[in-house]
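1. coords please:
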Amino acid sequence: MARELIRSKARRKRIERSQNALGRRVTPPLAGQKDWDGGRDQKLGSLVLLDHEFEIDRGPTSNSYDPFNALPVDKRGNAHYILSQYNEIFLPNMPPYYSAVQSFTREDTLHFTMSDPAVLHAVLGQIAINLGMFARGKSSSDSTYHLGQAITLLNKRISNCNHDDISNATIFAVGSLANLQITTGCLNSLKIHLDGLEALVKRRGGIRALVDHPLILKFTCWVDNMCSITLGSKPRFELVTATPYQEPLYPDFYGTTASRYKTKLSNLTSMEDLSQKTIEAYYLLRYLVDEKDKLYWIPPPPGTRITKEDFQLGTDQLMRQLTNIVQYEVPDSSKPNALIYGLFGNAALTHSVAFVCKPSRVGSPVQLSVERIRASLEMINLPAFQVAYPEMMLWVIMVGGLASITTVHQEFFTKILADACLAVGINNPTEELPVFLADFLWSVFYINPAAKGFWADVVTVQAQVTGGERSPSE
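-> Numbering: from 1, shown residues only. Below you'll find the predicted structure:
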């Protein structure tokens, strides 16, 4: 009798597995997924999709990450399927001009994610939301389920522990929830989760208590930086690194441009302190961009190239310097001339997020910085600013334009860049702009396949203004 009962149960399980597999083939596990059409050059919500094919796996084998059902969560909320999209959606393979060095690898993060149920639910919720954005912004009950589970587990865990029991997983999970709210644009929820992250780190003994846990320290500081940009507020944590930061030795030729702009900024704004901070940030930004460019030179340039650790230390310093610049309290007597600092600071922040220390995706911090750049450009006397700061203003407009690709702001930046180039005699931007900005700041990756359409539009606008007809390649 016992043997027949076991066989009967085994037959039922085989039937259930077969039905489940069939269901996965027929019914997309995410609402709206059938409308997904490759994810190329679209703007969905606050997410900017670049020239990259996101390959969503619709196959029936949705639990390749967990073939033995050993995950700390069950299969509800399409957990296995959503996790199978981790590589392409949560940490996508972006083109090389976006990510020379990652502060933490996807393998490290994935391994840690699968070790704790609260962390895994939070990450699954993030992936489900991103999948919904790729499916034309449609929401998913899966994301709601996983986020609810993450919050429930964290509330129980936090309410029943003292400061000695605040685990790395708990801090990572709360940071993930804060990071997720950057994607959704829900600032009230973002503040709540950021407050929670700050409280947990304090109960743990402060940010310095995380130095022995590099992944948690880097992730916490990264989330803090992104939240600071999004909210326009000061970072919650001091900048702590496992290795002391040493300012690099800058090439001598940086000094000519830096000295000229420091004098201009100081004289025209009467803000000596802020002009000095701006030039210090300019030095570091230019150095990091130049070093990143060297990673792709063929053949490699002579000399020692920057290490991953030094690159990350530099980007951490740069983000803090730029945050201080854009949030600097400018006296009324210095406005509107002092708007140049915010313009440079927001453009450099946009550059840092999208080009230097690229996070896993382009989201609200970039979008907000672009909006702030546009708002400032609409307030100033642009011709006067361009006469005073010719290279800096062209660079600011160009960076804003590149970051605005596929957004509602692209047309604005296309026109204003075309006009600004013509004002200084640049009739062929892709050929002449690199020369014009060479002594200020230029990267070979400003003109890349993802931006081809943007540069073509700039050329088209110029042709309309001048009455000529040129192809973008001319």
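2. From the contact counts, what lies against the helix or strand hosting Gln367?
-> Following DSSP states H and E, one finds Gln367 within helix 364-379. Applying 3 or more CB pairs under 8 Å, 6 or more residues apart in numbering; DSSP states H and E, we find helix 364-379 packed against helix 168-184, helix 214-231, helix 339-351, helix 390-403, helix 410-423. To be clear about C-beta, it is placed using only N, CA and C from the backbone, and glycine gets the same treatment.
3. tilt between the second one and helix 168-184?
-> So that's helix 214-231. Using axes from the mean of the first three to the mean of the last three CA atoms, to 10 degrees, the direction of helix 214-231 lies 30 degrees away from that of helix 168-184.
4. Who are the packing partners of helix 214-231?
-> Using 3+ CB pairs under 8 Å, 6+ apart: helix 214-231 touches helix 106-113, helix 168-184, helix 187-204, helix 308-326, helix 364-379.
5. The first one now?
-> Helices and strands in packing contact with helix 168-184 are listed as helix 117-134, helix 141-159, helix 187-204, helix 214-231, helix 364-379; criterion 3+ CB pairs under 8 Å, 6+ apart.
6. Flag the helix or strand of the protein with the lowest per-element mean pLDDT.
-> Ranked by mean pLDDT, DSSP states H and E, the weakest helix or strand in the chain is strand 43-44, scoring a mean of 28.
7. Show the backbone phi and psi for Gly206.
-> Phi and psi for Gly206, reported as degrees, to the nearest 10, are phi 100, psi 170.
8. Now for it, how many residues are close by?
-> A count of nearby residues for Gly206, using other CB atoms under 10 Å, gives 12.
9. Also Tyr282?
-> 22.
10. pLDDT weak spots in the stretch 251-400 of the chain?
-> 298, 300, 333-334, 355-364 (pLDDT under 70).
11. let's see 50
-> 358-362 (pLDDT under 50).
12. what's the answer for the stretch 51-200 of the chain, then?
-> 51-62, 90-102.
13. before we move on, back to that, so how far is the helix holding Gln367 from its chain's centroid?
-> Computed by CA atoms, centre = their mean, to the nearest Å, the chain-centroid distance of helix 364-379 equals 15 Å.
14. Check what contacts it and list those residues.
-> Residues outside helix 364-379 that contact it (CB atoms under 8 Å, 6 or more residues apart in numbering): 46, 48, 182-183, 185, 226, 229-230, 326, 336, 339, 342-343, 346-347, 349-350, 353-354, 396-397, 399-400, 403-404, 407, 409, 412-413, 416.
15. Just the angle for that helix relative to helix 410-423, thanks.
-> Using the same axes, to 10 degrees: helix 364-379 against helix 410-423 is 50 degrees.
16. Could I have the CA atoms of helix 364-379 written out in CSV?
-> Extracted in CSV, the C-alpha atoms of helix 364-379 (Å, rounded to 0.1, in the frame of the first residue of the first chain):
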residue,chain,number,x,y,z
SER,A,364,16.0,59.2,-12.3
PRO,A,365,19.4,60.8,-11.2
VAL,A,366,20.4,61.4,-14.8
GLN,A,367,16.9,62.5,-15.8
LEU,A,368,16.7,65.0,-12.9
SER,A,369,20.2,66.4,-13.7
VAL,A,370,19.2,66.9,-17.3
GLU,A,371,16.0,68.7,-16.2
ARG,A,372,18.1,70.9,-13.9
ILE,A,373,20.5,71.7,-16.7
ARG,A,374,17.7,72.7,-19.0
ALA,A,375,16.0,74.8,-16.3
SER,A,376,19.2,76.8,-15.8
LEU,A,377,19.9,77.2,-19.5
GLU,A,378,16.4,78.7,-19.9
MET,A,379,17.1,81.2,-17.1
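17. Now do it against helix 187-204: the angle between them, please.
-> Using the same axes, to 10 degrees: helix 364-379 against helix 187-204 is 120 degrees.
18. Please name every helix or strand in contact with the helix or strand that helix 364-379 is followed by.
-> For helix 364-379, the succeeding helix or strand toward the C-terminus, using DSSP H and E, is helix 382-388. With contacts taken as 3+ CB pairs under 8 Å, 6+ apart, helix 382-388 sits against helix 390-403, helix 410-423.
19. Contact partners for Leu313?
-> Leu313 sits in contact with Thr241, Thr243, Tyr245, where contact means CB under 8 Å, 6+ apart.
20. picking up where we left off before, a markdown table please, covering the helices and strands packed on helix 168-184 and showing mean neighbour count and distance to Leu285.
-> Compiled in a markdown table, the helices and strands packed on helix 168-184 are given as follows (neighbours: other CB atoms under 10 Å; distance: least, CB to CB, whole Å):
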| stretch | mean neighbour count | distance to Leu285 |
| --- | --- | --- |
| helix 117-134 | 26 | 29 |
| helix 141-159 | 18 | 36 |
| helix 187-204 | 18 | 26 |
| helix 214-231 | 22 | 15 |
| helix 364-379 | 20 | 14 |
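21. Tell me how far Ile192 lies from Glu198.
-> 11 Å (CB to CB, to the nearest Å).
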